[in-house]
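Chemist: Everything below, folded, please.
(3 chains)
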Amino acid sequence: MKANFKYNVVWLIMMVAGFYLMNTLIMIGVIDSFIENMLVTIGINIILATGLNLIIGFAGQFSLGHAGFMAIGAYATAIITQTASTTGGFYVSIFIGIVVAIIAALIVGIPTLRLRGDYLAIATMGASEIIRILINNMKMTGGAAGMFNIPQFADWPTVYIMVCVTTIVIVNFIHSRAGRAVKSVREDEIAAEAMGINVTKWKLAAFVLGASTAAIAGSLHASYLQTIAPNDFGIMESISILIIVVLGGVGSITGTFVAAVVLGVLDTVLQNFGALRMVIYAAALILIMIFKPTGLLGTWELSIKKIFSRSKRKERVES
Amino acid sequence: MQTFFQQIINGLSLGSIYALLALGYTMVYGIIKLINFAHGDIYMLGAFWGYYVINVWHFNFIMALLSAMLVGAASGVIIEYFAYRPLRHSPRITALITAIGVSFLLENGMSYLFSSNTRDFPQIIKQVNYNVGGILISNIQILILVTACILMVLLQLIIKKTKMGRAMRAVSVDPDAAELVGININWTISFTFALGSALAGAAGVLIGLYYNSIDPLMGMTPGIKAFVAAVLGGIGSVPGASVGGFIIGILETFVQSIGLSAYKDAVVYFVLIVILLILPAGIFGKSAKEKV
Amino acid sequence: MSKLLQVENLVKNFGGLTAVSNVSMHLDNNELVALIGPNGAGKTTLFNLLTGVIPASSGSIVLNGDNGTYPLNGKRAYKIADMGLSRTFQNIRLFKELTVLDNVLIAMTSKFKEGFIPTIFRFPSYYRTEARLVKEAKKLLAIFELEDDIDVLAKNLPYGTQRRLEIVRALATKPQILFLDEPAAGMNPEKIANLTQLILKVQHSFHITILLIEHDMSLVMNLAQRIYVLDHGSLLAQGTPDEIQSNKAVIKAYLGEEA
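Modeler: Next up is the predicted model:
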């Protein structure tokens, strides 16, 4: 127990240090608004991709509908903060976004999570498209033109804290009894059922948790960019989240962080290449996949616990 | 009643294009279990090739169609060789991401080289509308339908009657066993890509004629629709892909005709989900029961 | 006196094919019973019906366990596992990419319900239960001499050890009845002798009922108190090992017509 406390403190220190590092870099002007923008985008992508990694990498359910849940969060925030334009209103909107996303995830997940592999992928993609098309045709959401002049409540510290919170929630979920149950579903559904694991329930739990973090990311996206349109949440958005997950390594949260940063930086650097940008991006994607088929980090995770026990073992060997 | 048949005709011609594309998805999926995301872009290449040869070399329709099929086949084989073959024993999701990468590369490469403008497809065949009992049928619709049906029958003959077709079926059931009995796996997979991509190339020229406009991103939406068609019919099943294509084509035109065109895609996806919930492996797919 | 597990007229049809037809059987407390029969007789199908992997077409399965009487037919597999029926699989189905310890801990999961909030925010109660679970799992693994492998991935264990781990995993659900599907498959005589000892040890130290499918007759005859013989989906005979060995119908089923 004491040891666990120690690891948690190390993580906390790292998070606080990261915050102050960024704060300082912004104050002395190393990070300008252009880079800050990039970092916020990376942060939002991290939230989206860790949630999807939970669903795909740990629960083993191939979902291609993440953008739909993101859209729900984004529109909840856009609609609510336009009338309740306060910080409180913003957090209420995040909460409502989560609730609606959970309901949508249950409606989508309960019937479709019975499907396997690519069939599930295509069904969730379809469900996400249905959400997008509904938003596209509603008056309240501004139709195809979308919504603009959304008040900005999400600045970089909000996004930073949300990245920390959602990551803690998802990582703690994975490294718990719940996470073990979810992983057993990925490994072998029949054996898991025979060991008393309610496969349907755990699949749904991972799916719903992933969907609610996606809604949070959507809220931040809407509030930071101040403009959203249904087409921001199409199939291509779901695919770009999937790319982060696979590039980092399916089943590695550390990998998701690395991939989100690498792709974010790559994207920013490639802005200078104009029309060639997407060509280089596509070529890079193909080459990374061919030469690192299990993603940049495979299933490797950064673990303070492991680092500690390794150094302890070394001490023991040396003494 | 008249409008009903009119919609059937319109739906069938659109559906036959989806069916041609869906066949490529289903064959590739059947043999290497890969969702070939770049398939829709081969169709775009076919359309651009048709545009080029008709305008510059003044090819007639048949020549343009056949050469576009050759170009499609060649690009399919090249893509498989460079992008998918190195990943044959990697996690399937990796191959999927690579396929997405190839799709991005083709779309953006074409935009970069030839600009992303929409252009008019040369109308080598003058459109003539026939009025059959109040239903309008254009010669282009007939041409599309007939060409698509001929190609589908040819494909079925190749798969069922030829040695290569037998090899394809063997590899899709059990690649290891197929290799043991002396089937060249690499050849068979290349051949499958060639066949599927040739159909996509043909579909590209046909859609150019039908819609009269092409652009580098034209493959995206029909590609996804055709994949949905393949899944609907039971991915891996050749008749399933054709049937799925026609169903989606007809469904789309009907939804449009009753004034719900804004919800066209939503209806398609909804029907897809409902069918998958009743038949988890699509209409013609065999759902593999796991042995305990 | 009602039986621990009472099976009446169990039937399973696959399309037109009857895989299990009208099987009635029972298990008593603390019994070690074997289920034998030629390949394709429907033994594993019967196991799958009893443990809820597939639903029966008709018939009834009733458990008179420690917590009262429950009908099991129509229940999902995880519920049946919760009620105290656990199993191993003919073709080993461990959680391959997870460690030995995780494999065992997963089987204990369903017995420990904990809310989402205490789990996510790591309340002290979470750590306490976790520590207790790990201790219990390690104790169980130690009984089966697996304590040195707790951090090994299940897929990296040798074949025989994997079979042993599967038994440990099944025991971790705290079953009243343990179903073993061909535990000796692919083992040499020496290994089979060890396994025989192991099964006896399991039955005695955990006070549970065991039903096992096995082709190795030495193991069956050494261990089983009673034997059921299944052929073409229906019960051909039942009785003590001696009775079965001299049963004409059984000999005929195994050796063919000329015997």
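Chemist: so what's B:G30 closest to, chain neighbours aside?
Modeler: Nearest residue to B:G30, sequence neighbours excluded (Cβ to Cβ, 6 or more residues apart in numbering or on different chains): B:G236, at 3.9 Å. Bear in mind the C-beta positions are built from the backbone N, C-alpha and C, glycine included.
Chemist: In a helix, the one you found, correct?
Modeler: No. B:G236 sits outside any helix when classified using DSSP: H, G, I helix; E, B strand; the rest coil, being coil.
Chemist: Name the residues of the helix or strand harbouring B:L113 that are buried.
Modeler: Per DSSP states H and E: B:L113 is located in helix B:92-114. Across helix B:92-114, burial judged by 16 or more other Cβ atoms under 10 Å in any protein chain shown covers B:93-112.
Chemist: What score does the residue nearest to B:G30 have for pLDDT?
Modeler: pLDDT recorded at B:G236 is 84.
Chemist: Spit out the contact partners of it.
Modeler: For B:G236, the contacting residues are B:26, B:29-30, B:172, B:285, by Cβ atoms under 8 Å, 6 or more residues apart in numbering or on different chains.
Chemist: go again using 6 Å as the cut-off
Modeler: By Cβ atoms under 6 Å, 6 or more residues apart in numbering or on different chains, the contact set of B:G236 is B:26, B:29-30.
Chemist: burial of A:I235, as a residue count?
Modeler: By other Cβ atoms under 10 Å in any protein chain shown, the residues close to A:I235 number 19.
Chemist: do B:L66 as well
Modeler: By other Cβ under 10 Å, the residues close to B:L66 number 15.
Chemist: one step back: and the buried residues of helix B:92-114 near chain A, which?
Modeler: Filtering the buried residues of helix B:92-114 for proximity to chain A by Cβ under 6 Å from any Cβ of the partner chain leaves B:93-94, B:97-98, B:100-101, B:104-105, B:108-109, B:112.
Chemist: what's the helix or strand for the spatially most central residue of chain A?
Modeler: What sits nearest the mean C-alpha location of chain A, by Cα atoms, centre = their mean, is A:L48, with 1.9 Å. In the assignment (DSSP H and E), A:L48 maps to helix A:33-53.
Chemist: what about that helix and chain B, any contact?
Modeler: No. Helix A:33-53 does not reach chain B (Cβ under 6 Å from any Cβ); its nearest approach is 11.5 Å.
Chemist: And that helix, what's buried?
Modeler: So, applying 16+ other Cβ under 10 Å, buried residues of helix A:33-53: A:36, A:38-53.
Chemist: Which neighbouring elements make contact with that helix?
Modeler: Under the contact definition 3 or more Cβ pairs under 6 Å, 6 or more residues apart in numbering or on different chains; DSSP states H and E, helix A:33-53 sits against helix A:156-174, helix A:199-225, helix A:235-248, helix A:253-270.
Chemist: which one of those helices lies closest to A:A181?
Modeler: Closest approach to A:A181 among these is made by helix A:199-225 (4.8 Å; Cβ to Cβ).
Chemist: now the angle from the closest one to helix A:156-174?
Modeler: Orientation of helix A:199-225 against helix A:156-174 (axes from the mean of the first three to the mean of the last three Cα atoms, to 10 degrees) gives an angle of 170 degrees.
Chemist: pretty sure C:V23 is in a strand, no?
Modeler: Yes. In this structure, C:V23 lies within a strand as judged by three-state DSSP.
Chemist: What's opposite it in the beta bridge?
Modeler: In this entry, C:V23 is beta-bridged to C:L10, by DSSP bridges.
Chemist: measure it to chain A for me?
Modeler: Separation of C:V23 from chain A (Cβ to the nearest Cβ, to the nearest Å): 20 Å.
Chemist: Any stretches of chain B with poor pLDDT?
Modeler: B:1, B:287-292 (pLDDT under 70).
Chemist: on that earlier part again, what's the angle between the helix holding B:L113 and helix A:235-248?
Modeler: Calculated by the same axes, to 10 degrees, helix B:92-114 forms an angle of 120 degrees with helix A:235-248.
Chemist: I'd like the next helix or strand past helix B:92-114.
Modeler: The C-terminal neighbour of helix B:92-114 among helices and strands, as given by DSSP H and E, is strand B:119-120.
Chemist: Quick one: neighbours of B:L260, just the number.
Modeler: B:L260 has 13 nearby residues by other Cβ under 10 Å.
Chemist: For the lengthiest helix in chain B, what is the distance to the chain centroid?
Modeler: Longest helix in chain B by number of residues, with DSSP state H as the criterion: helix B:2-32. Distance, stretch centre to chain centre, for helix B:2-32: 8 Å (Cα atoms, centre = their mean, to the nearest Å).
Chemist: is the next helix or strand after it anywhere near chain A?
Modeler: Where DSSP H and E defines the elements, the next helix or strand beyond helix B:2-32 is helix B:39-56. No. Applying Cβ under 6 Å from any Cβ, one finds helix B:39-56 out of contact with chain A, separated by at least 10.9 Å.
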